[in-house]
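1. just need the structure, nothing else, for what follows:
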Amino acid sequence: MHIAIVGNIGAGKTTLTELLCKHIDFEPQYEAVDNNPYLEDFYSDMKRWSFNLQIYFLNTRFKQIMEIQNGTKNIIQDRTIYEDAYIFAENLHDMGLMTTRDYENYRSIFENITSFIKPPGLLIYLKASVPTLVNNIQRRGREYEAGIRLDYLSKLNEKYKNWIDHYSVGKLLIVDKDKLDFANNPEDLGTVIQSIETEIHGLF
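-> Next up is the predicted model:
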């Protein structure tokens with residue numbers, strides 16, 4: 001069984017992944033952030049490093065998804081390969097931070113890769129407003145995220161909405177992060193877990 005958690009920067013994907021794996025019989029698979037050789041450079045010069053960063057993410061997430069598909073464990077995945085293309089790379093291109101040549105090359109690689117993989121059994125989207133995202137980003141205090149622009153987060157939210165509105169390849173659960181504080185409120189976490197279990201039982 002493969003559950004994937006998606007959402008903007010600071011939406012709470014890693015936190016929810018950790019909490020769920022404590023309460024249900026799943027193992028976490030996290031986004032490769034700490035060992036990412038491009039992330040810090042990207043935040044200081046997005047135009048120069050956008051293509052490099054997206055190719056790195058594409059490669060590492062393809063490796064992750066193949067391990068999930070070839071394995072036998074129940075996995076909760078923190079962020080997906082689909083977000084790389086439909087959210088981040090597309091947004092970088094729209095903002096003039098990735099050239100059309102690089103973007104078209106990237107999308108061609110993405111489409112070739114995704115022809116070999118299956119979508120997750122359940123996709124959980126953490127929907128959050130920009131103020132909620134900013135609050136979470138400031139709270140965790142990652143130095144390389146300090147300079148993220150509000151318009152960048154806003155544009156990413158628009159991309160997520162468009163993608164989620166048209167998502168049709170599998171089951172989808174939307175969690176409103178503005179209303180549910182699962183990190184600090186056990187009742188809210190219980191509500192999320194109950195919703196997930198309802199969706200999971202419907203998959204068997």
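
2. make it CA atoms for all contacts and neighbour counts henceforth
-> Fine.

3. other SSEs contacting the helix ranked longest in the chain?
-> Longest helix of the chain, by residue count under DSSP state H: helix 46-70. Where contact means 3 or more Cα pairs under 8 Å, 6 or more residues apart in numbering; DSSP states H and E, helix 46-70 is packed against helix 39-44, helix 81-83, helix 100-114.

4. same thing but 10 Å
-> strand 2-7, strand 27-29, helix 39-44, strand 75-78, helix 81-83, helix 90-94, helix 100-114 (3 or more Cα pairs under 10 Å, 6 or more residues apart in numbering; DSSP states H and E).

5. now for the ones you listed, which one comes closest to residue 181?
-> strand 2-7 (14.8 Å; Cα to Cα).

6. after the closest one, next one along is what?
-> helix 13-23 (DSSP states H and E).

7. strand 2-7 and the longest helix of the chain, what's the angle between them?
-> 160 degrees (axes from the mean of the first three to the mean of the last three Cα atoms, to 10 degrees).

8. now helix 46-70: buried residues?
-> For helix 46-70, burial by neighbour count (16 or more other Cα atoms under 10 Å) applies to 46-47, 49-58, 61-62, 64-65, 68-69.

9. please apply the same query to stretch 135-146.
-> 137, 145.

10. that one: end-to-end distance?
-> Using Cα to Cα, to the nearest Å, the end-to-end distance of stretch 135-146 comes to 11 Å.

11. so what touches that stretch?
-> 9-12, 39-44, 130-131, 133-134, 148 (Cα atoms under 10 Å, 6 or more residues apart in numbering).

12. out of the helices and strands packed on helix 46-70, nearest to residue 173?
-> strand 2-7 (9.5 Å).

13. for the chain, which spans come out with low pLDDT?
-> Low-confidence segments of the chain (pLDDT under 70): 32-34, 202-204.

14. quick check: the residue nearest to the spatial centre of the chain vs residue 10, distance?
-> The centroid of the chain falls nearest to residue 79 when counting by Cα atoms, centre = their mean (2.9 Å). Per Cα to Cα, residue 79 is found 12 Å from residue 10.

15. and what of residue 177?
-> Residue 177 is 10 Å from residue 10, by Cα to Cα.

16. which residues are in contact with both of these two?
-> In contact with both residue 177 and residue 10: 126, 128, 132-133, using Cα under 10 Å, 6+ apart.

17. quick one: contacts for residue 46?
-> Here residue 46 is in contact with 39-40, 53, 92, 96-98 (Cα under 10 Å, 6+ apart).

18. now for those residues: which two are most distant?
-> 40 and 96 (19.4 Å).
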